[in-house]
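Visitor: Predicted coordinates and the sequence they were generated for:
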Amino acid sequence: MCRAICECAQDSIIVVNPAGTIIFLNRPSFGLAAKKALGRTLLDVFPDSCRKGIADCLRRVEHCQAPDICSFEYTGKDGDKEYYAT
């Protein structure tokens, strides 16, 4: 049931393992089809300007073993402002 809810969501939902590897993506995002994103890391799919923040967030989650709030604003491939938040 959770998978069905995620797949119907209007926003992109990304599930990653502790290493930041994408294990679920509900819809095409970041210019990638959902199936092509699987197995890649967040650091592979976000622009360079977001990589340090993503790496810091993953380290905090790994250290605390608890969810963390991370948010980024960046310019997408089409030149539009994009937002990422967890």
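Guide: Alright, I've got the coordinates. Numbering: from 1, shown residues only.
Visitor: I'd like to know which elements the lengthiest helix in the chain is packed against.
Guide: Secondary structure assigned by DSSP state H gives helix 48-64 as the longest helix of the chain. On a contact count with 3 or more Cβ pairs under 8 Å, 6 or more residues apart in numbering; DSSP states H and E, helix 48-64 meets helix 42-45, strand 71-75. Placement of C-beta: from N, CA and C, glycine included.
Visitor: can you redo these as a markdown table with distance to A4?
Guide: Formatted as a markdown table, these follow (distance: least, Cβ to Cβ, whole Å):
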| stretch | distance to A4 |
| --- | --- |
| helix 42-45 | 24 |
| strand 71-75 | 27 |
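Visitor: most packed of the ones you listed?
Guide: Mean neighbours per residue, mean count of other Cβ atoms under 10 Å, is largest over the helices and strands packed on helix 48-64 for helix 42-45, with a mean of 18.
Visitor: what's it in contact with?
Guide: Helix 42-45 is contacted from outside by I14, V16, G20, I22, S29, F30, L32, A37, R51, I54, A55, L58, using Cβ atoms under 8 Å, 6 or more residues apart in numbering.
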